[in-house]
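Asks: fold the following for me, if possible:
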Amino acid sequence: MPHANQNQPEQAGFQNQQPAQPAYQAVGQPAQPAYTQSYPQQGQSQPSYSQQQYSPYGQTAVQATPKKKMSRGLKLGLIIGGGVLVLLLVLGGIYHYLSTSVYSPKNAANEYITALSKGEFSKATSLVKPSGGDTSLLTDSVGKGMKYRISDPQVISTTKMGDHWNVVVSFRLNSRTVRATLQEKENGRQAGLFAKYEVTTSLAKNLTITAPGMLSKSALKINGVEVKPSGSSTDATAAGDATDQRSYLAYPGSYSVDASSSKFYTTNSPSTSVYGSDYQSNYAMELRINPTSAFASALQDAMKTKLNEFAKNAGPQVADRVKRELGSRANGFGISVEVKIVSIPDVPSTSNTYTCRYNTYSSCLCMGDGTVTLKGINMQDVITITSPKGEKKTQTQDIPNAYVRGNFTIDGDTINLTLNPSDTSVN
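Replies: Numbers count the residues shown, from 1 in each chain. Next comes the predicted model:
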C-alpha cells in the first residue's frame, strides 16, 4: 500500500536513531547545528509551544556549564582582604588629614595668631618666646585690656624653605588688613608619627613710651594695668631729665597709657596700635602731663614753707659773710643776721616743655623733669651788730629780685619739694 511504503522508511529511521546527547558548545568554538527530537518521559508534561526554547535559525539553546561553589576559606579570605584594604584606605586618609591639618606648619601658625586674637598673650609667649626686651606687656591682663585686638586670623600660605617653613598669616586691626611672615621649623615628633612644628619668630615689636622724667620712678597704667618701671625697660635717666623713655615688647593690638591718678595734673592719655607687620618694628607714644590749679596752689604753699626754712638757715651764713667783709673792724663786735622773706611770686600755672634747671631769667615750671624756678623773690637781711660795751645797732638790707630753684616730685596727691641752697642767687 502506498501509504504503508511511504511511512516505513521514516519508522525505520526512528528505530535506528540513538538517544539524543546534550549538545555542548566548546568554549571559543561556534555551535554546530543539530536536529534533535526529545520526548517527555512518562509522567512528565510537555511544555507548551510558547514555553519551548529555540535557538536562532532553528538551533537549540546552549546549556551553561554549572558553576562551582566558592569554598568557605576563599570567601573568608576575600572578606578579610577587602576589610584590610578598606582599613588601609581609611588609615591613609586619616594620616593625610592629620599630617596636613592638625600636625602641620599651618596649624602651628594658626594656633599662635588665634591666641593673639583672644588676648591670650601668655599662651602665645609659651609657643614662641620673644627676646631682646622687657616682657611686662606680654600678659593676658594687658591683652584682654585692649580696646582693639586683632581679628579674622588666617593662614595664607606655607612654603618650604630649606630647613624651615615660611608661613604667611593675615589678620585685621582697626579696619586694616595686616600680613606678616612667621618662620617655623620641625622639632621632633608628636603622637609618634607626625612631625612637630614650632614657630620660631615672634610678632612682638618694640613699643617705646616717653613719659615725664618726674615719673621715672612711678608706675604707668598701660591698657589699665599698672606696670612698674624696670631696669630692662627704662633708660638710665639722670636726676632732673625732662623725659624718661621706657621700651617694651608688644604684641599686635591697641595700647593706651596713663599715669597714676592725681589731683595735681591731667594727662593727654595717648594711644597707639602695634600692627606687627614685616615692614615696621618700632612704635612709640608720648605721655604728657599738665598742672592743675590745685597743683599751682599746693606748690605755692610748699615753696613758702621751704623758703622760710631756707631763710632761717641762711642767717648764720650771711653773718659769716659780713664778718669776712668787715675784716679786723669786726673784732670785738657781735654780728647776727636774720633773713626775712618779704614776698614770693606766684608759681607759673603752665608747664614749659624745656627744663628749668638752667633758667635764671624768669619764673619757670617744668612738669617733665619736676623743676621749678622762682624769679622775683623779695628778701631782707636784718643785721644786728653788738659792740663790746653791749650797745646794739640794727640795719636792714633789701635783697630784691632773688631767685631760687627747686626739684619736686608728685606721689599721688602729695608734693615733695626740695630747694638747693647752692642754686640760689641774690642780685
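
Asks: looks like N110 contacts V167 (just checking).
Replies: No: N110 is not in contact with V167 according to Cβ atoms under 8 Å; the separation is 9.1 Å. Any C-beta I mention is one placed from the backbone N, CA and C, and that applies to glycine too.

Asks: if I look at the residue nearest to T266 when sequence neighbours are not counted, how far off is G368?
Replies: Spatial nearest neighbour of T266, excluding adjacent residues (Cβ to Cβ, 6 or more residues apart in numbering): N290 at 5.3 Å. For N290, the distance to G368 (Cβ to Cβ, to the nearest Å) stands at 11 Å.

Asks: same check, this time on P105
Replies: Look at P105 and G368: by Cβ to Cβ, they are 49 Å apart.

Asks: cool, P291 as well?
Replies: 11 Å.

Asks: quick one: which of the two has more around it?
Replies: Relative neighbour count places G368 above the other of P291 and G368, with 25 against 20, counting by other Cβ atoms under 10 Å.

Asks: about what we covered before: between N110 and V167, which contacts overlap?
Replies: Residues touching both N110 and V167 (Cβ atoms under 8 Å, 6 or more residues apart in numbering) are V155.

Asks: those two - which one has more neighbours?
Replies: The neighbour count for N110 versus V167, taken as other Cβ under 10 Å, is higher for V167 (26 against 17).

Asks: would you mind identifying the next helix or strand past the helix or strand harbouring the more buried one?
Replies: Taking DSSP states H and E as the definition, V167 sits inside strand 164-173. Per DSSP H and E, the first helix or strand lying C-terminal to strand 164-173 is strand 176-190.

Asks: who are the packing partners of that next one?
Replies: On a contact count with 3 or more Cβ pairs under 8 Å, 6 or more residues apart in numbering; DSSP states H and E, strand 176-190 meets helix 105-117, strand 164-173, strand 194-199.

Asks: in the last one, what's buried?
Replies: Which is strand 194-199. 197, 199 (16 or more other Cβ atoms under 10 Å).

Asks: then stretch 308-318?
Replies: So for stretch 308-318, counting by 16+ other Cβ under 10 Å, buried means 310-311, 314-315, 318.

Asks: quick revisit: shared neighbours of P291 and G368, which are they?
Replies: Contacts common to P291 and G368, judged by Cβ under 8 Å, 6+ apart, are S351.

Asks: quick one: mean pLDDT for the longest strand along the chain?
Replies: Using DSSP state E, we find that the single longest strand of the chain is strand 392-411. Mean per-residue pLDDT for strand 392-411: 87.

Asks: burial count for M367?
Replies: Around M367 there are 25 residues (other Cβ under 10 Å).

Asks: please name the nearest non-neighbouring residue to it.
Replies: Of all residues not flanking M367 in the chain, S351 sits nearest, at 4.0 Å (Cβ to Cβ, 6+ apart).

Asks: the one you found and N290, how far apart?
Replies: Applying Cβ to Cβ to S351 and N290 gives a distance of 6 Å.

Asks: joint contacts of these two?
Replies: The contact sets of S351 and N290 overlap at M367 (Cβ under 8 Å, 6+ apart).

Asks: settle it for me: which of these two has more neighbours?
Replies: S351 (20 against 13).

Asks: which helix or strand contains that one?
Replies: For S351, there is no helix or strand it lies in under DSSP H and E.

Asks: over to it: give its phi and psi.
Replies: The phi and psi torsions at S351 (degrees, to the nearest 10) take the values phi -100, psi 140.

Asks: show me what the helix or strand containing A284 pairs with in its sheet, parallel or antiparallel.
Replies: According to DSSP H and E, A284 maps onto strand 282-286. Strand pairing for strand 282-286, determined by DSSP bridges: strand 205-212 (parallel).

Asks: who touches the partner strand?
Replies: By Cβ under 8 Å, 6+ apart, the list of residues contacting strand 205-212 reads 133, 137, 220, 222, 242-250, 252, 255, 257, 259, 272, 274, 276, 280-289, 367-370.

Asks: hmm, try it at 7 Å
Replies: Applying Cβ atoms under 7 Å, 6 or more residues apart in numbering, the contact partners of strand 205-212 are 133, 220, 243-250, 255, 257, 274, 276, 281-287, 289, 367-368.

Asks: and the helices in the protein?
Replies: With DSSP state H as the criterion, the chain has helices at 2-16, 72-97, 105-117, 121-127, 140-144, 293-326.

Asks: what packs against the fourth one?
Replies: Helices and strands touching helix 121-127, by 3 or more Cβ pairs under 7 Å, 6 or more residues apart in numbering; DSSP states H and E, are helix 105-117, helix 140-144.

Asks: sketch out the low-pLDDT regions of the stretch 101-250 of the chain for me.
Replies: Along the stretch 101-250 of the chain, segments meeting pLDDT under 70 span 101-103, 188-194, 231-241.
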